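Novice: this is a predicted model, with the sequence first.
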There are 2 protein chains.
Amino acid sequence: MKQFTFLLVAVATLIGVVAYVAPAFGNTDNDGAPLFVTTIPAGYRDWRWVSSAHEEGSLHSIGAVLGNDVAIKAYREGKLPFPDGAIIAALHYSHVPSAENNKVFGQAQSFVPGPPTNLQFMVKDTAKYAATGGWGFATFVDGKPAAAASMKSCFPCHNQAKATDLVFTRYAP
Amino acid sequence: MKQFTFLLVAVATLIGVVAYVAPAFGNTDNDGAPLFVTTIPAGYRDWRWVSSAHEEGSLHSIGAVLGNDVAIKAYREGKLPFPDGAIIAALHYSHVPSAENNKVFGQAQSFVPGPPTNLQFMVKDTAKYAATGGWGFATFVDGKPAAAASMKSCFPCHNQAKATDLVFTRYAP
């Protein structure tokens, strides 16, 4: 049970994020239905690089965090909380060895992004996502929103990073 | 001796790159002195993200590869060789655990960029760098060009990636 709980938390943390907001968090639309972020923000692949990340455990991923202009400006100015309009993207891939790099090095030491695992976003809109710290969370797998059930824990997990406005990733110099 | 040789190759491969070109490669300026790339290309931190990388062994680094507009266009079009004007940047940092992420996950699984280790560039200029496959290589440590001796092996190592125009890093989708 403990293992299962951890798995749920781990999966929901990096794979999930709001978009779906459980009624328990009180963040619903006017009809009382859960809010979803169902559209991938346009042009995210052209955004500037914030940092890279490597996760082991059940995630076993390597990836990058990118930010739109509003997010990058806030990062560079050290301005917290992030202003409305900031969007942070996390691109995750399987963490795989590079056979061709290792051949050149003469030993297994090089790891690169393999197939994509998921694509995540945090969208800052203080009014719209008031119940989840002002951030709307979203996860896409193969271009489609992830199952709502996998995203329940996103907000409570990110909410542990209150000192950095719920954002785990720091700007790499 | 074998270990020492490997170390030299490893260090020179990811830490070093042309800029300094040994006379043995025949790539010298008009005075016969070795060519150095001594200036960090302007605006590189705003370039688009190509991919992330994780190296173990003596490098023990995590980082990102960014490309200027010319390089990104070629990457996206799958156009080889890269045209003149393409510049590829590699930003390397120590591969360190994230205590705050691990606390949230409940186990040691999260690794992030620590202090920068070096900053590298490959600059495509077919005429200028004809003796080194059309690429000028450069390594900066703390904003200063790395010692020439550390960069001797950059070209011969990259030259093993002939099928991808001497570039190891692939574009992450």
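Specialist: Yep, that arrived. Fair warning: this is a prediction, and the values are worked out from it, not measured in the lab.

Novice: spatially central residue in chain A, please.
Specialist: With distances taken as C-alpha atoms, centre = their mean, the residue of chain A nearest its centroid is A:Gln120 (4.1 Å).

Novice: and after the helix or strand that contains A:Glu100, which helix or strand comes next?
Specialist: If you go by DSSP states H and E, A:Glu100 is part of helix A:99-105. Note on helix A:99-105: by DSSP H and E, the next helix or strand toward the C-terminus is strand A:110-124.

Novice: average model confidence for that following strand?
Specialist: In this model, strand A:110-124 has a mean pLDDT of 96.

Novice: who's in contact with A:Gly85?
Specialist: A:Gly85 makes contacts with A:Asn68, A:Val70, A:Lys124, A:Asp125, as judged by C-beta atoms under 8 Å, 6 or more residues apart in numbering or on different chains. Glycine gets a C-beta too; all of them are placed from N, C-alpha and C.

Novice: run the last query once more with 7 Å
Specialist: A:Gly85 sits next to A:Val70, A:Lys124 when contact means C-beta atoms under 7 Å, 6 or more residues apart in numbering or on different chains.

Novice: for the most far-flung residue of chain A relative to its centre, give its distance to chain B.
Specialist: For chain A, the largest distance from the centre (C-alpha atoms, centre = their mean) belongs to A:Gly106, which lies 35.0 Å off. From A:Gly106 across to chain B, the span is 6 Å (C-beta to the nearest C-beta, to the nearest Å).

Novice: quick one, phi psi at that residue?
Specialist: The phi and psi torsions at A:Gly106 (degrees, to the nearest 10) take the values phi 80, psi 10.

Novice: quick one: buried residues of the helix or strand harbouring A:Leu91?
Specialist: Assigned by DSSP H and E, A:Leu91 belongs to strand A:87-97. By neighbour count with 16 or more other C-beta atoms under 10 Å in any protein chain shown, strand A:87-97 contains the buried residues A:Ile87, A:Ile88, A:Ala89, A:Ala90, A:Leu91, A:His92, A:Tyr93, A:Ser94, A:His95.

Novice: check stretch A:159-167 too.
Specialist: So stretch A:159-167, judged by 16+ other C-beta under 10 Å, has buried residues A:Ala161, A:Asp165, A:Leu166, A:Val167.

Novice: not counting sequence-adjacent ones, nearest residue to the first one?
Specialist: Spelled out, that is A:Ala161. Distances taken as C-beta to C-beta, 6 or more residues apart in numbering or on different chains put A:Phe168 closest to A:Ala161, at 5.3 Å, once the chain neighbours are dropped.

Novice: likewise for the third one?
Specialist: Excluding the flanking residues, the one nearest A:Leu166 by C-beta to C-beta, 6+ apart is A:His158, at 4.3 Å.

Novice: tell me how far the ends of stretch A:62-77 are from each other?
Specialist: With C-alpha to C-alpha, to the nearest Å as the measure, stretch A:62-77 spans 27 Å from end to end.

Novice: now it: average pLDDT?
Specialist: For stretch A:62-77, the mean per-residue pLDDT is 98.

Novice: quick check, the residue nearest to A:Leu166 in a helix?
Specialist: Yes. Membership of A:His158 in a helix is supported by DSSP: H, G, I helix; E, B strand; the rest coil.

Novice: great, nothing more from me.
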